[in-house]
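Q: Could you look at this predicted model? Sequence included:
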Amino acid sequence: MRLPSYLPSLFLLMLLFLGPVTRAQVVKATIKGQVQTASDGQPLPGATVGVPQLGIGDITDGKGFYSFGLPAGDYTLQVTFIGYETISRQITVNSSSQTINFSLQDAGNVLQEVVVEANTLRQKLNTPRMSVELLTSTEAKLLPALFGEVDLIKTLQLKPGVQSGGEGASGLYVRGGGPDQNLVLLDDAVIYNPAHLFGFFSVFNPDAVRSVELYKGGFPAQFGGRLSSVVDVELNKGNPEKFTATGGLGLISSRLTLEGPMAKDKASFILSGRRTYSDVFTRLLNKANEGSADYSPIPDYYFYDLNGKFNYQLSSKDELTFSSYFGRDFFNFSDNNFKVGFDWGNSMASLRWRHRFNAGAFVTTSVSTSNYQYTIANQIEEFSLRLRSDIQDFTLKTDFNLTLNDRHHLKVGAMATSHSFTIGRLNFGGGDDRFSVSAGNSFRATEFGTYISDDFEVNSLLTLNYGLRFSGFSNKGKNYFGLEPRASAKYNLTETLVLKASFASMMQYIHLVANSGASLPTDVWYPSSPNVKPQRSQQVAVGASKLLGKGKYLLTNEVYYKWMHNQLDFRDGANLFVNDSLENEFLFGKGESYGNELYLEKITGKTTGWIGYTLSWTYRQFEGINDSRKFPNRYDRRHDISVVLLHRLNKRISLTGAFVYGTGNAYSLPVARFAMQDVEGRSASIIPIYSERNSFRLAAYHRLDLGMVLKLRPRRGESDLTFSVYNAYNRRNPYFVYFDQVNEEDDKTPVAFKAKQVSLFPVIPSVTYNFKF
Amino acid sequence: MKQRLFFSYMLLLALLATACDLQKDIEVELPPYEPELVVEGYLEYGKPYRITVLESSSYFDKPEVPLVPDAKAYITFRGRRIELHYQPHADQVHNKYYTHRSDEVMRGRPGDVYTLEVSDDRGRKVTAVTTILPHVPIDTIEWRFNTREEALLLTSFQDDPDRANYYRYVVHRDSVERASAREIVTDDGLTNGQLVTLGGGYNYAKNDTLIISLYHIEEKYHDFLRSTSDAKSSNGNPFAQPSRIKSTVEGGIGVFTNLVYDRKMIIIK
């Protein structure tokens, strides 16, 4: 299955030779601009802008921007997006570039009949980008969700090439990479631990988020710092026209969003908050049982997050945006002589200034700060323990977009980040100095990246993108530098068949110290150092897209191969929690992953949805693990299928369903056992013996979720009830397997051993009330 | 601390799993397994040489004591090779079971080296070396009461700054023949050269009789104890990365070490 490394070069070379002999069509001008909603001025990512008669167009990016070339002439430009009225506009193209912005009218509500022309998929076919998934909050809200908590990150797990970390988990495992290899950006600022509640929910409130763009490969040169994916999350802009309140009451949390204008046509704001409330009930339960000898109090747990965004139009050419996020999880427990508090969370703030020089050039400059921290505070009488880890960043970034001529669109930029790491800062104290113990490490490091890339329309059939990123990292006097070439190509073989290819080299200078399959809050980031080299990867992908059924369906197939170097794992029994010599626990190795992703989608008509199938392999190899032999990654999943269907029954009711099937996770189980008496015979126990890493497979995972959105008819505003049934046929999916000892009833003599499988979630129905006024 | 959080989380999972019948028996097919020799031997000053030699078993084999009658065992000390004869017997006082013994009594001093060799007719051979460690005395034992008259026990000792040290601290109630009430296995990574104080929770009451033992242990015994503890907790923990057993012996599984300890008895008053 290993693809030769020269394959992409050969493919590109072939296309370059083919280019001149194909039908010539001179590109005269670049048409570009931004698509926004008419109601609240929000950028619309994923909208299609194009000329149906030529099959030429583009899909707007995460910030609503599009760009494509057209020969001179008169055309009908069409803009479409699900849930919005389609716009058609006559334009005349001459030799100069044009900037055309669009404002799409909401079609009434997301359930209303929307006329979307069949050429939408044609324009998607023609986009030069590959290995990119785009999801809007509007789409995600239609789909069923665990406990009714809409989660854009989890919805991305339904796309091919993206695996979940386990039952209910929100981590993304993209093309064989780990969740620490995803660059998660919220309005251009990094979010280091995008999970609440041990990874069961992501930190992104669906009311605050506009869209998520996931790059699985073919990374544009402006992104760097992680190996496997870029998760680019864009927050909503405040409504510039009127004040609105949006919210929802759910099974475990409630949300409220306020937005509106601050200065007419100049400034707007949006503030959004979410909080879980299980702690309210557990406190009542604890109080009711106070004094009961048999009752053990339930620990308090809750999380909240707050998002804010302010936009200010300084002039017709300048816009200022301030975005922020603050979220915390809290776990508290106390009894008569014991008290523990555990809190963790992210915070982020960014200020962006966008300046347009002319129709063909603009620059975006931002300063941002990101922080992730956890603190554990423990008090037993006069003894106290406090443990804290954090990472704090300050980043300066600037990106220039320049249209040089009709065929070349240049992007140039640079970023620099100052990182501060505090790792396992422990303070333990008692009544006097004898009990004082302290530990921990602190680092200050600098990271930078600079890039240049060019979108080159060679001719009407062939589009190239090539770029180079130069990055570096400095810590403890050690400097690392990396050259990261990026390239992609698109070639229209026929009117309905497009070939695409990409190559991306990536560097990752910071590493997540995590030895478990879950996103635990105690996972800490660790910088490259004299002994810890940066991670590197190369990924090549080739693909083809074909329009089927008279343009109603788009079938896409992509094959990828990824090489990963300087991968990080840990010695058996490593102490990752409080350890002043953490680097001594690290092991370095390599990884590879390869696979095929098949994707069939339909986005028009009453019934829409997609079918994804991924065939993939992913392995790791480390000196000191598994006798230095190659082993499958825990999330190596040979087959992964997802089927998502949305059916608009009528103007008020929409039905949805999602089915997933995946090969069982690779898992380590003991193969043998021995008895150990220990120094005192009374402490005798059975010790399991593990051999090969991840040599067993859990049972296959499959699940059906069903949902229904019922639009209500309130006197004022809009509202709906969203019903979800998670795991509709109550499948007992494996969460983990363990070996149990069966004892004689009257004494503790073991008589047998047997395997047990534990599942996490049975069928879970839920209902959420959403409103907007 | 981390364990407490983890157990709280696991408790929630267990409650959920139990409440909704989310646990079931399954069939797991294990690969063929070739049993290895398992040796457990602790040398102690003034005590006869006694070890246990058994075999490991495939996990789902019927539980039984897998004796190895043809195993030959020898301890070599100062060039003298002493045979430990196959005499399976139980030490009723300490509730321990031994398979091989010699009447010779261990008289080693700090720095002395003992080697062990165990082999059987199937060609399996286990070897091990242990070096007698110096005695680390308990400096002070004290206890403090909270408002509910529960006592916290604190034990202090001086760590040697010139070497890496590993300790096993055990508290028994009433008798060392009973299972320990508290056990800590630690190193001096954060407390090198300091007066180290180990304790626990407010677990004791007035008039409790406590036996406190401070073992000065070898690094490889420390690693063995950690690895067996990790292996046990991996079985049933969905987040753990299973670890292999770090034996102190070569060619098989198990531990061969020496027990050097200071022990004191107190009555909480």
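A: Looks like it arrived, so ask away.
Q: Which other helices and strands does the strand or helix carrying A:Gly472 contact?
A: Assigned by DSSP states H and E, A:Gly472 falls within strand A:462-475. On a contact count with 3 or more CB pairs under 8 Å, 6 or more residues apart in numbering or on different chains; DSSP states H and E, strand A:462-475 meets helix A:7-21, strand A:437-457, strand A:478-492. The way it works is simple: take the backbone N, C-alpha and C, and place the C-beta from them, glycine included.
Q: Listing partners with orientation, what would you give for the second one?
A: Right, strand A:437-457. Under the criterion DSSP bridges, strand A:437-457 sits next to strand A:408-429 (antiparallel), strand A:462-475 (antiparallel) in its sheet.
Q: averaging pLDDT over each of the ones you listed, which comes out lowest?
A: Ranked on mean pLDDT, the bottom entry among these is strand A:408-429, at a mean of 91.
Q: And the pLDDT for B:Ile212?
A: 92.
Q: That one reaches B:Thr140, doesn't it?
A: No - using CB atoms under 8 Å, B:Ile212 makes no contact with B:Thr140, being 10.8 Å away.
Q: residues shared between the contacts of the two?
A: By CB atoms under 8 Å, 6 or more residues apart in numbering or on different chains, B:Ile212 and B:Thr140 have these common neighbours: B:Thr155.
Q: Between these two, tell me which one has more neighbours.
A: Using other CB atoms under 10 Å in any protein chain shown as the criterion, B:Ile212 and B:Thr140 rank with B:Ile212 on top: 20 against 12.
Q: bridging residues for that one?
A: B:Val171, B:Lys264.
Q: what does A:Leu645 give?
A: Bridge pairing for A:Leu645 - DSSP bridges - gives A:Gly609, A:Gly657.
Q: which parts of the stretch 151-269 of chain B sit against chain A?
A: B:152, B:156, B:176-180, B:189-191, B:195, B:197, B:199, B:201-202, B:215, B:223, B:226-228, B:230-232, B:234-246, B:253-255, B:259 (CB under 8 Å from any CB of the partner chain).
Q: before we move on, the earlier item: for the strand holding A:Gly472, what is the distance to the chain centroid?
A: Mean C-alpha position of strand A:462-475 versus that of the full chain (CA atoms, centre = their mean, to the nearest Å) differs by 22 Å.
Q: cool, and stretch A:504-524?
A: 14 Å.
Q: what's the average pLDDT for that stretch?
A: On average, stretch A:504-524 scores 83.
Q: Go ahead and flag the most central residue of the chain.
A: Since no chain was named, I'll use chain A. Nearest residue to the geometric centre of chain A (CA atoms, centre = their mean): A:Val231, 4.2 Å.
Q: oops, I was thinking of chain B
A: B:Leu225 (5.5 Å).
Q: got the contact list for that residue?
A: B:Arg168, B:Val185, B:Ile217.
Q: Please look at the second one and B:Arg226 and confirm they touch.
A: In other words, B:Val185. Yes - counting by CB under 8 Å, B:Val185 touches B:Arg226, with 6.6 Å between them.
Q: how about the helices in the chain?
A: If you meant another chain, say so; for now it's chain A. A:7-21, A:119-126, A:137-142, A:152-156, A:278-288 (DSSP state H).
Q: The chain in question should be chain B.
A: So, for chain B - with DSSP H - the helices run B:2-19, B:219-234.
Q: mean pLDDT for those helices: which is lowest?
A: helix B:2-19 - the lowest mean pLDDT of the helices of chain B, at a mean of 48.
Q: residues near residue 221, how many?
A: Just so you know, I chose chain A. A:Ala221 - counted by other CB under 10 Å - has 25 other residues nearby.
Q: let's do chain B instead
A: 23.
Q: Then A:Thr76?
A: For A:Thr76, using other CB under 10 Å, the count is 12.
Q: Could I get the contacting residues of it?
A: Neighbours of A:Thr76 in contact, by CB under 8 Å, 6+ apart: A:Val51, A:Pro52, A:Gln53, A:Ser88, A:Arg89, A:Gln90, A:Ile91.
Q: Just give the closest residue to residue 245, not the sequence neighbours.
A: If you meant another chain, say so; for now it's chain A. A:Leu258 (5.5 Å; CB to CB, 6 or more residues apart in numbering or on different chains).
Q: look at chain B instead
A: B:Ser227 (5.1 Å).
Q: I'd assumed B:Pro242 was in contact with that neighbour.
A: No - contact criterion CB under 8 Å: B:Ser227 and B:Pro242 do not qualify, at 10.5 Å.
Q: The two: which is more packed in?
A: For B:Ser227 and B:Pro242, the more surrounded residue by other CB under 10 Å is B:Pro242, and the numbers stand at 21 against 18.
Q: What does the pLDDT read for the more buried one?
A: 80.
Q: and if you look at B:Gln194?
A: B:Gln194 is given a pLDDT of 86.
Q: Likewise for A:Ser683?
A: pLDDT, read off for A:Ser683, is 68.
Q: Just the buried ones out of the residues of the stretch 151-269 of chain B next to chain A, please.
A: B:152, B:156, B:176, B:180, B:190-191, B:197, B:199, B:202, B:215, B:223, B:226-228, B:230-232, B:234-246, B:253-255, B:259 (16 or more other CB atoms under 10 Å in any protein chain shown).
Q: which stretches of chain B have low pLDDT?
A: Residues of chain B that meet the criterion pLDDT under 70 lie in B:1-20, B:177, B:179.
Q: So it: which segments form each domain?
A: B:37-131, B:138-242+B:259-267 (automatic domain parsing).
Q: Let's have those domains in TSV, adding distance to A:Arg571.
A: Shown next, in TSV, are these (distance: least, CB to CB, whole Å):
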stretch	distance to A:Arg571
domain B:37-131	22
domain B:138-242+B:259-267	10
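Q: A:Ser529: which of these is closest?
A: domain B:138-242+B:259-267 (19.1 Å; CB to CB).
Q: what's the first-to-last distance across that closest one?
A: 16 Å (CA to CA, to the nearest Å).
Q: Could you tell me which residues of the stretch 251-400 of chain A lie near chain B?
A: So the stretch 251-400 of chain A meets chain B at A:299, A:331, A:333, A:336-338, A:340, A:342, A:376, A:378, A:380-381, A:383, A:385, A:387 (CB under 8 Å from any CB).
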